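Peer 1: Below are the sequence and a predicted model; questions follow.
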Amino acid sequence: MSAPTPAVRPADPPAPRTAGAPSRTTLSAAVLVTGFVLLSLNTRVAFGQLGPLAPVAGFSTGAVTLLGLIPPLCMGLFAPLASVVRRRFGEERGLFGASVLLLAGAVVRMLGLPGLFAGTVLVSIATAVVNVLVPVFVRSRFEHRRVGVMMGVYALSMGAGSALVAALTVPVWQAGGHSWQLAIGLAVIPAALAAAGIAPQLGHARVRRPAEPRTGTGTGTDTSTGADTGAGGGKSARVAVVVPVAVDAGGRGLVWSLTAFFGFQTLLFYTTLAWLPAILVDAGVARTVAGGMQSLFILGVALGGFLLPVLAAARTDQRPHLVAVVLVCALGYAGLLAAPGAAPALWAIVLGAGLGGGQAVAGVLYVKRGRDHEHVASLSAVAQTGGYLLAATGPVAASVLHTATGAWTVPLLALTGALALSLLASLRAGHDKR
């Protein structure tokens with residue numbers, strides 16, 4: 001016996017057509033897309049600065065390890081905060097608040113080494129909120145057929161912003177009299193633009209009702225959250241536990257698969273981001289050139305992050321795309337193992353394309369496997385909580401293995417093993433269970 005279909009609020013009557021309506025609609029869409037791009041450009045900027053700066057600024061191995069550990073650890077611990085923020089304030093206000101916090105963190109990072117650590121914590125907390133809210137924001141504010149494109153735009157912009165700032169970091173350090181604080185301060189500019197760009201969307205903010213019992217048909221309409229109405233209910237209802245929502249709607253297999261795939265891919269990404277310049281320097285590549293390879297890596301992340309979501313969103317089964325991610329990454333790691341100094345630019349951009357695709361396609365998986373906005377937010381929060389906590393072990397483990405063996409061979413072999421595990425983990429998440 002099928003569950004009763006919930007009542008759906010009649011659609012609002014269309015607004016009277018006026019001469020100015022099309023232009024207002026076009027302007028509103030342009031402001032939305034521009035704000036979304038500015039937000040995306042800023043999301044990974046702060047994390048891409050350390051790699052090129054560390055070899056020339058004289059940061060200790062311990063400092064680099066800790067600064068590589070903070071982002072995934074904080075993003076894992078604070079990902080559940082995004083669901084609370086969404087229920088209390090809505091996606092638009094949540095993204096604006098996260099942008100302001102990220103701007104504050106970018107400023108604090110300029111205040112000496114303690115400020116660099118403290119500011120990175122603030123930036124990571126803000127990014128945790130953005131990571132969870134973006135897939136829900138895309139699903140709710142853009143047409144369904146545009147989801148893949150907009151998730152690709154998100155990844156492309158994110159990588160492009162990070163690559164640009166990473167490429168400018170060492171030149172600014174040199175021009176500023178070897179001041180790493182001035183170089184780190186570059187991140188303030190895109191952070192301010194992101195906050196300004198997303199601010200106009202506050203006029204569209206809608207506060208979500210607490211989740212009601214699930215009686216929907218799984219058509220993709222957010223009937224369970226009251227997304228089109230004002231907030232209601234008490235505080236205890238608003239702070240609903242995210243895990244049961246994700247598990248009840250999708251099953252434990254889906255949740256574990258999404259979490260493990262995202263976790264292994266993110267472990268690979270942040271470990272490579274933290275140590276790629278050091279790997280190349282140890283292979284005989286000049287320090288300044290190694291810093292440039294970091295920019296190429298991030299550029300590859302942008303390209304792979306744009307292409308894969310667009311391709312994957314057009315299909316109901318994403319498993320072939322996930323296999324492609326693993327194969328491209330495997331080629332990059334094989335190059336670093338066999339001949340790191342022979343073609344560093346090639347290995348950097350190939351690894352970036354593979355890992356960027358793996359990072360970005362996770363957002364498509366949340367949207368594709370989610371039944372409604374609430375379920376998408378739950379899957380995103382749960383997968384990112386567990387995934388980032390798993391990823392936080394990567395930079396530290398790589399450092400320990402390198403110290404113990406005196407070379408990067410064992411750490412790279414370990415990363416290749418994690419890559420194989422990510423493929424096994426993705427099998428359930430890559431398709432709808434029949």
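Peer 2: Thanks, I have the structure now. For clarity, every value in this text was computed on a predicted model and none was experimentally measured.

Peer 1: Residue 258 versus residue 195, what's the distance?
Peer 2: Applying CB to CB, to the nearest Å, the value for residue 195 to residue 258 is 30 Å. Where C-beta positions appear, they are placed from N, C-alpha and C, glycine not excepted.

Peer 1: Of these two, which one has the most company?
Peer 2: residue 258 (28 against 23; other CB atoms under 10 Å).

Peer 1: show me what contacts that one?
Peer 2: Listed by CB atoms under 8 Å, 6 or more residues apart in numbering, the contact set of residue 258 reads 362, 365, 366, 369, 379, 382, 383, 387, 429.

Peer 1: how far away is residue 343 from residue 41?
Peer 2: 29 Å.

Peer 1: Have a look at those two and say which one is more surrounded.
Peer 2: residue 41 (24 against 12).

Peer 1: what helix or strand does that one sit in?
Peer 2: Element membership for residue 41, per DSSP states H and E: helix 21-42.

Peer 1: Can you work out which other helices and strands pack against the next helix or strand after that helix?
Peer 2: Per DSSP H and E, the first helix or strand lying C-terminal to helix 21-42 is helix 50-57. Here helix 50-57 touches helix 61-89, helix 147-175, helix 180-184, helix 252-282, helix 287-313, going by 3 or more CB pairs under 8 Å, 6 or more residues apart in numbering; DSSP states H and E.

Peer 1: Other residues contacting helix 50-57?
Peer 2: Contacts for helix 50-57 (CB under 8 Å, 6+ apart): 59, 64, 67-68, 166-167, 169-170, 173, 178, 180, 183-184, 273-274, 276-278, 281, 287-288, 290-292, 294-295.

Peer 1: Could you rerun that using 6 Å?
Peer 2: 64, 67, 166, 169-170, 180, 183, 273, 277, 281, 287, 291, 294 (CB atoms under 6 Å, 6 or more residues apart in numbering).

Peer 1: Just checking: the least confident one among the residues you listed is which?
Peer 2: pLDDT across the contacts of helix 50-57 is lowest for residue 291, at 77.

Peer 1: Please tell me I have it right and that one contacts residue 169.
Peer 2: No: here residue 291 does not reach residue 169: they are 7.5 Å apart, not a contact under CB atoms under 6 Å.

Peer 1: that older thread, with distance to residue 149, neighbour count and pLDDT as added columns, please give the contacts of residue 258 in TSV.
Peer 2: Shown next, in TSV, are these (distance: CB to CB, whole Å; neighbours: other CB atoms under 10 Å; pLDDT from 0 to 100):
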residue	distance to residue 149	neighbour count	pLDDT
362	16	27	84
365	16	28	84
366	16	30	83
369	19	26	80
379	21	30	84
382	26	27	85
383	22	29	86
387	24	26	86
429	21	28	80
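
Peer 1: which ones among those residues are found in helices?
Peer 2: Counting by DSSP state H, the contacts of residue 258 place 362, 365, 366, 369, 379, 382, 383, 387, 429 in helices.

Peer 1: Residue 374 is nearest to which of the helices and strands packed on helix 50-57?
Peer 2: Across the helices and strands packed on helix 50-57, residue 374 has its closest neighbour in helix 61-89 (9.1 Å, CB to CB).

Peer 1: can you pull the alpha-carbon coordinates of stretch 80-95 into PDB?
Peer 2: Extracted in PDB, the C-alpha atoms of stretch 80-95 (Å, rounded to 0.1, in the frame of the first residue of the first chain):
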ATOM      1  CA  PRO A  80      27.100  19.200  11.200                       C
ATOM      2  CA  LEU A  81      26.900  22.900  12.100                       C
ATOM      3  CA  ALA A  82      25.800  23.700   8.500                       C
ATOM      4  CA  SER A  83      22.600  21.700   8.900                       C
ATOM      5  CA  VAL A  84      21.700  23.700  12.100                       C
ATOM      6  CA  VAL A  85      22.500  26.900  10.300                       C
ATOM      7  CA  ARG A  86      20.400  25.900   7.400                       C
ATOM      8  CA  ARG A  87      17.300  25.100   9.500                       C
ATOM      9  CA  ARG A  88      17.700  28.300  11.600                       C
ATOM     10  CA  PHE A  89      18.700  30.800   8.900                       C
ATOM     11  CA  GLY A  90      18.300  29.200   5.400                       C
ATOM     12  CA  GLU A  91      21.000  28.700   2.800                       C
ATOM     13  CA  GLU A  92      21.400  32.300   1.700                       C
ATOM     14  CA  ARG A  93      21.900  33.700   5.200                       C
ATOM     15  CA  GLY A  94      24.100  30.700   6.100                       C
ATOM     16  CA  LEU A  95      26.400  31.300   3.100                       C
END
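
Peer 1: Pull out the buried positions in that stretch.
Peer 2: 80-87, 89-95 (16 or more other CB atoms under 10 Å).

Peer 1: same deal with stretch 164-182?
Peer 2: 164, 165, 166, 167, 168, 169, 170, 172, 173, 180, 181.

Peer 1: got the contact list for the closest residue to residue 281 other than its chain neighbours?
Peer 2: Spatial nearest neighbour of residue 281, chain neighbours left out: residue 290 (4.9 Å); criterion: CB to CB, 6 or more residues apart in numbering. For residue 290, the contacting residues are 277, 280, 281, by CB under 6 Å, 6+ apart.

Peer 1: how does it look with 8 Å?
Peer 2: Contacts of residue 290 (CB under 8 Å, 6+ apart): 52, 55, 276, 277, 278, 280, 281, 344.

Peer 1: what do you get for residue 69?
Peer 2: 392, 395, 396.

Peer 1: mind checking how far it is from residue 329?
Peer 2: 22 Å.

Peer 1: Report pLDDT for the residue nearest the centre of the chain.
Peer 2: Among the residues of the chain, the one closest to the centroid is residue 131, at 4.8 Å (CA atoms, centre = their mean). Residue 131 carries a pLDDT value of 87.

Peer 1: do residue 85 as well
Peer 2: Predicted confidence (pLDDT) for residue 85: 90.

Peer 1: who touches residue 149 in this structure?
Peer 2: Per CB under 8 Å, 6+ apart, neighbours of residue 149: 309, 310, 313.

Peer 1: Thanks again, I'm all set now.
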